[in-house]
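Chemist: structural data only, the sequence is not supplied:
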């Protein structure tokens, strides 16, 4: 599914959330709940929540799967008492669409 989405990526350590539908996994999110934002402008000190990747099968896009994964991750961050969660979308082709989608999920554009 990751290759189909143009995001050939293997999750490493951290949080991996799966969304199931139909006959199997239709999306996933990888993130970290104990990271430290490496760039400028973090409003609070670490630890920070960090969404690394969100992938949804093409046939399930627009059905709220990605948003549900993000909401679940943010809820896990809140349960871990994190005050700040960020996401840094891949800067490759289509970045504007990814930034717009993250904004619809409640993230501010901090570029």
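Modeler: Okay, I see it. It should be emphasised that the depicted structure is a prediction, and the values quoted were computed from it without experimental measurement.

Chemist: what's the longest helix in this protein?
Modeler: Looking across the chain with DSSP state H, the single longest helix is helix 65-79.

Chemist: give me the next element, helix or strand, following that one.
Modeler: Next in sequence after helix 65-79, counting helices and strands by DSSP states H and E, comes strand 85-87.

Chemist: now that following strand: average pLDDT?
Modeler: The pLDDT scores in strand 85-87 average 89.

Chemist: try stretch 27-39
Modeler: 86.

Chemist: repeat for stretch 68-82
Modeler: Mean pLDDT, stretch 68-82: 93.

Chemist: how far away from the center of its chain is that stretch?
Modeler: Relative to its parent chain, stretch 68-82 has a centroid offset of 11 Å by CA atoms, centre = their mean, to the nearest Å.

Chemist: repeat for stretch 80-88
Modeler: From the chain centre to the centre of stretch 80-88 is a distance of 11 Å (CA atoms, centre = their mean).

Chemist: quick one on the thing from earlier: name the residues of the longest helix of the chain that come out as buried.
Modeler: Neighbour-count burial for helix 65-79, counted by 16 or more other CB atoms under 10 Å, picks out 65-66, 69-70, 73-74, 76-77. (Glycine included, C-beta is placed from N, CA and C.)
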